[in-house]
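A.B. asks: Below are the sequence and a predicted model; questions follow.
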Amino acid sequence: MLELAIMGFLYDAPLHGYELRKRITALTGHVRPVAESTLYPAIKRLEQAGLLERATEPGAVAAPRHVLTLTDDGRRELHRRLAEPVQRDITDENRWFTVLAFLRHLADPGAQSAVLRRRLAFLETPSSFFYDGDRPVRAEELDDPFRRGILTVARATTEAELAWLRATIDALDDAAG
């Protein structure tokens, strides 16, 4: 997820590490704050893989700053990861939001639609946070107001996402011809 976010933000423009960290934190920070001790090793891995480059420019007041730029290989790798997200990127809501934040970088509406269809299929599969044996428990079946609240909020969120997914898939399919 972190590498995808790094490449996604650098796809738009070269950034300093500090600015990149701010943008990633704005996207994911409420659930997964990005520490320097996590970000900079990820940047180094991407750099060693030839997916991004680092250039040094003089600092205005302080030490020189490093500007990060996505390479052509990095652009191809971002497109690959967006077109073929691993299953966890589809099923984990926070990872899904990272994919969704950069899915516009796939130029092909058909490829975008295919990714959205995977999420749609996942959301259409009956599930719950709570089970009675193998059967998902519905909010209306619970006496516990807090668990009922979890399921009520989750249902509303899922229904909103399902409506958005269906409308967006239809629009993408129309655009694809």
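C.D. replies: Done, it's in. All values derive from a computational prediction rather than experimental measurement.

A.B. asks: which residue ranges form the helices in this structure?
C.D. replies: Taking DSSP state H as the test, the helices found in the chain are 2-12, 17-28, 36-48, 72-83, 87-91, 93-102, 109-124, 145-176.

A.B. asks: which stretch among those comes nearest residue 131?
C.D. replies: helix 145-176 (11.7 Å; C-beta to C-beta). Any C-beta I mention is one placed from the backbone N, CA and C, and that applies to glycine too.

A.B. asks: re earlier: nearest to residue 130 among the helices of the chain would be which one?
C.D. replies: helix 145-176 (6.1 Å).

A.B. asks: centre of the chain versus the closest one, how much separation?
C.D. replies: 16 Å (C-alpha atoms, centre = their mean, to the nearest Å).

A.B. asks: What residues of it count as buried?
C.D. replies: Going by neighbour count (16 or more other C-beta atoms under 10 Å), the buried part of helix 145-176 is 147-148, 151, 161, 165, 168-169, 172.

A.B. asks: what does stretch 119-129 give?
C.D. replies: 119-120, 123, 128.

A.B. asks: Could you single out the nearest of those residues to residue 78?
C.D. replies: Set against residue 78, the nearest of the buried residues of stretch 119-129 by C-beta to C-beta is residue 119 (18.6 Å).

A.B. asks: My guess is residue 33 contacts residue 25. True?
C.D. replies: Yes - Residue 33 sits in contact with residue 25 when judged by C-beta atoms under 8 Å, with a separation of 6.4 Å.

A.B. asks: Number of residues surrounding residue 112?
C.D. replies: A total of 22 residues lie near residue 112 under the criterion other C-beta atoms under 10 Å.

A.B. asks: Oops, could you answer that again for residue 109 instead?
C.D. replies: Neighbours of residue 109 (other C-beta under 10 Å): 17.

A.B. asks: thinking it is in contact with residue 175, fair?
C.D. replies: Yes - if you go by C-beta under 8 Å, residue 109 and residue 175 touch, sitting 4.3 Å apart.

A.B. asks: give the contact list for residue 101.
C.D. replies: 5, 8, 27 (C-beta atoms under 8 Å, 6 or more residues apart in numbering).

A.B. asks: List buried residues within those.
C.D. replies: 5, 8, 27.

A.B. asks: Can you lay out the residues you listed as CSV showing distance to residue 114 and pLDDT?
C.D. replies: Converted to CSV, those look like this (distance: C-beta to C-beta, whole Å; pLDDT from 0 to 100):
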residue, distance to residue 114, pLDDT
5, 21, 94
8, 18, 96
27, 23, 88
